[in-house]
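1. here's a sequence, model it:
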Amino acid sequence: MSWLTEIARPEIRALRAYEHAVWEPGLVRLHANESPWRSHADPSLEGLNRYPEPHPHQLTAALAELYGVPADRVLAGRGSDEAIDLLIRCYCRAGQDAVVVCPPTFGMYSVAARIQGAIVREAPLLPQAGFQLDAAALQALAGDAPAAAGTLKLVFLCSPNNPTGNRLDSAVILALARALEGRALLVVDEAYVEFAQAPSLVAQLAERPGLVVLRTLSKAHGLAGARCGVAIAHPEVIALLRKVIQPYAITQLTIEAVFAALQPEARARAAQRIATLQRERTRVAAALQTLPGVQRVWPSDANFLLVQFADAGAALERARAAGLLLRDLRGSGTLGQALRISVGSPEQNDRLLAALKGAA
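-> Just a heads-up that it's a prediction; the model follows:
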């Protein structure tokens with residue numbers, strides 16, 4: 001047992017995972033209290049009257065191939081959100097352990113931590129540096145802290161970051177991983193990495209055992225409604241998460257949708273759509289920058305743009321009148337009159353630009 005297991009909650013280390021019904025699909029299943037008949041509304045290939053594989057090994061193998069890692073480094077779950085929740089549940093004791101987040105960033109890191117009762121510390125991104133990491137603040141938080149600040153167990157980074165869209169400096173990330181070695185995990189959420197002109201940090205996992213990378217099929221592969229994401233980490237970390245994840249977490253319909261999306265033709269089509277979205281991102285950003293009501297369009301490596309408006313409320317109203325919803329970030333406290341705009345299809349983007357031309 002290495003430090004990766006030793007720093008986990010003692011209750012989780014000692015936990016005996018739930019023992020699900022034996023998985024032998026070649027035999028008639030009279031051991032799991034399922035219905036012997038399929039529903040008339042069942043569209044699946046294998047049948048929804050039967051439980052799916054408790055921890056789908058074939059799906060795990062396919063995802064491992066997609067991300068170029070061994071299967072024992074992969075845990076599939078219901079989107080990246082489940083991986084975030086599992087990590088905090090496995091490593092953080094309520095009122096005693098802490099996580100670090102870097103706002104403005106994805107809100108689920110803090111929400112999941114607070115649900116678990118973990119202490120949340122912040123190292124805000126630096127707007128003056130293009131929302132890059134505050135390396136000095138992170139190094140300070142990685143050091144010893146007063147007991148009231150909690151024992152640091154997890155640091156969450158999002159790269160490209162949501163909602164700012166920028167990719168974080170990989171050199172700073174890896175330096176932080178080295179500083180945390182032996183004490184805390186560094187979790188890098190790469191939900192948008194397919195849209196960036198940069199490689200994933202997955203290749204660094206062999207050298208940095210405390211690094212955890214989150215990936216998802218929601219964005220680049222168009223499967224947000226299927227809810228499938230993965231944690232990619234050292235096998236010891238994956239083994240702990242497997243203790244806590246519910247059996248049958250991945251539904252049969254999701255399994256079938258993912259297998260279809262990972263076929264060569266589907267992957268080639270996804271790559272074409274990513275390229276189209278990248279071109280549209282450049283076009284829409286340039287066009288937005290010319291509008292009188294737009295103060296700034298931040299550079300983006302994701303499938304969205306962070307845009308500062310003179311009057312974000314007026315822009316929201318004009319977009320809604322055109323049948324378009326934008327994400328209002330004015331309540332974040334740090335982004336001012338900012339909206340997050342997902343890059344849509346060319347037709348949707350044209351509608352947006354036409355609607356915003358009159359925003360003052």
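
2. going forward, measure contacts between C-alpha atoms and count neighbours the same way
-> OK.

3. excluding residues flanking it in the chain, which one is nearest residue 83?
-> Excluding the flanking residues, the one nearest residue 83 by C-alpha to C-alpha, 6 or more residues apart in numbering is residue 231, at 6.0 Å.

4. restricting to C-alpha, output the strand or helix carrying that neighbour in CSV.
-> According to DSSP states H and E, residue 231 maps onto strand 229-232. The C-alpha trace of strand 229-232 is given here as CSV (Å, rounded to 0.1, in the frame of the first residue of the first chain):
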residue,chain,number,x,y,z
GLY,A,229,-17.0,10.2,-18.0
VAL,A,230,-13.8,8.7,-16.7
ALA,A,231,-11.2,9.1,-14.0
ILE,A,232,-7.8,8.1,-15.2
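
5. buried sites along it?
-> Buried residues in strand 229-232, counting neighbours by 16 or more other C-alpha atoms under 10 Å, are found at 229-232.

6. just flag the most distant two among those.
-> Spatial extent of the buried residues of strand 229-232 (C-alpha to C-alpha) is set by the pair 229 and 232 at 9.9 Å.

7. now the common contact residues for the two.
-> Residues touching both residue 229 and residue 232 (C-alpha atoms under 8 Å, 6 or more residues apart in numbering) are 214-215.

8. just give the strands next to the lengthiest strand in the chain in its sheet, each with its orientation.
-> Ranked by residue count under DSSP state E, the longest strand found in the chain is strand 151-158. Strand 151-158 has its sheet partners listed here by DSSP bridges as strand 97-101 (parallel), strand 185-189 (parallel).

9. hang on, the earlier thing: just put the buried residues of strand 229-232 in CSV and tack on distance to residue 76 and pLDDT.
-> CSV is the format used below for the buried residues of strand 229-232 (distance: C-alpha to C-alpha, whole Å; pLDDT from 0 to 100):
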residue, distance to residue 76, pLDDT
229, 6, 97
230, 4, 98
231, 7, 98
232, 9, 98
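
10. any idea where the helices of the stretch 251-360 of the chain begin and end?
-> For the stretch 251-360 of the chain, applying DSSP state H, counting those that start in this stretch gives helices covering 252-261, 264-289, 312-321, 346-356.

11. which among those is found nearest to residue 33?
-> Per C-alpha to C-alpha, nearest to residue 33 of the helices of the stretch 251-360 of the chain: helix 252-261, 17.2 Å.

12. using PDB, write out every CA atom in the closest one.
-> What follows is helix 252-261, C-alpha atoms only, in PDB (Å, rounded to 0.1, in the frame of the first residue of the first chain):
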ATOM      1  CA  GLN A 252     -27.200  -0.400 -20.600                       C
ATOM      2  CA  LEU A 253     -28.300   2.400 -23.000                       C
ATOM      3  CA  THR A 254     -25.200   4.400 -22.100                       C
ATOM      4  CA  ILE A 255     -23.000   1.500 -22.700                       C
ATOM      5  CA  GLU A 256     -24.500   0.900 -26.100                       C
ATOM      6  CA  ALA A 257     -24.300   4.600 -27.000                       C
ATOM      7  CA  VAL A 258     -20.600   4.800 -26.000                       C
ATOM      8  CA  PHE A 259     -19.700   1.700 -28.000                       C
ATOM      9  CA  ALA A 260     -21.400   3.200 -31.000                       C
ATOM     10  CA  ALA A 261     -19.600   6.500 -30.500                       C
END
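
13. tell me the buried residues in that helix?
-> Neighbour-count burial for helix 252-261, counted by 16+ other C-alpha under 10 Å, picks out 252-255, 258, 261.

14. relative to residue 88, which of the residues you listed is nearest.
-> Residue 88 has its nearest neighbour among the buried residues of helix 252-261 in residue 254, at 24.5 Å by C-alpha to C-alpha.

15. OK, contacts around the residue nearest to the closest one when sequence neighbours are not counted?
-> Excluding the flanking residues, the one nearest residue 254 by C-alpha to C-alpha, 6+ apart is residue 226, at 5.2 Å. By C-alpha under 8 Å, 6+ apart, residue 226 lies in contact with 218, 253-254, 257.

16. dump those residues to JSON lines, plus pLDDT.
-> Formatted as JSON lines, these follow (pLDDT from 0 to 100):
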{"residue": "218", "pLDDT": "96"}
{"residue": "253", "pLDDT": "95"}
{"residue": "254", "pLDDT": "96"}
{"residue": "257", "pLDDT": "96"}
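
17. out of these, which is nearest to residue 347?
-> residue 218 (21.7 Å).

18. by contact count, what packs against the helix or strand that comes right after the longest strand of the chain?
-> Using DSSP H and E, the next helix or strand after strand 151-158 towards the C-terminus is helix 170-180. Judged by 3 or more C-alpha pairs under 8 Å, 6 or more residues apart in numbering; DSSP states H and E, helix 170-180 is in contact with helix 135-142, strand 185-189.

19. now the helices of the stretch 251-360 of the chain in a markdown table, with distance to residue 242?
-> Shown next, in a markdown table, are the helices of the stretch 251-360 of the chain (distance: least, C-alpha to C-alpha, whole Å):
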| stretch | distance to residue 242 |
| --- | --- |
| helix 252-261 | 18 |
| helix 264-289 | 28 |
| helix 312-321 | 43 |
| helix 346-356 | 41 |
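
20. go through the ones you listed and name the closest to residue 41.
-> Among these, helix 252-261 sits nearest to residue 41 (C-alpha to C-alpha), with 12.7 Å.

21. what's the closest one in contact with?
-> 44-48, 51-52, 59, 62, 221, 223, 226-228, 266-267.

22. what does stretch 312-331 give?
-> 309, 335-342, 351-352, 355-356, 359-360.

23. thinking again about what came up before, tilt between the longest strand of the chain and helix 170-180?
-> Interaxial angle, strand 151-158 versus helix 170-180 (axes from the mean of the first three to the mean of the last three C-alpha atoms, to 10 degrees): 170 degrees.
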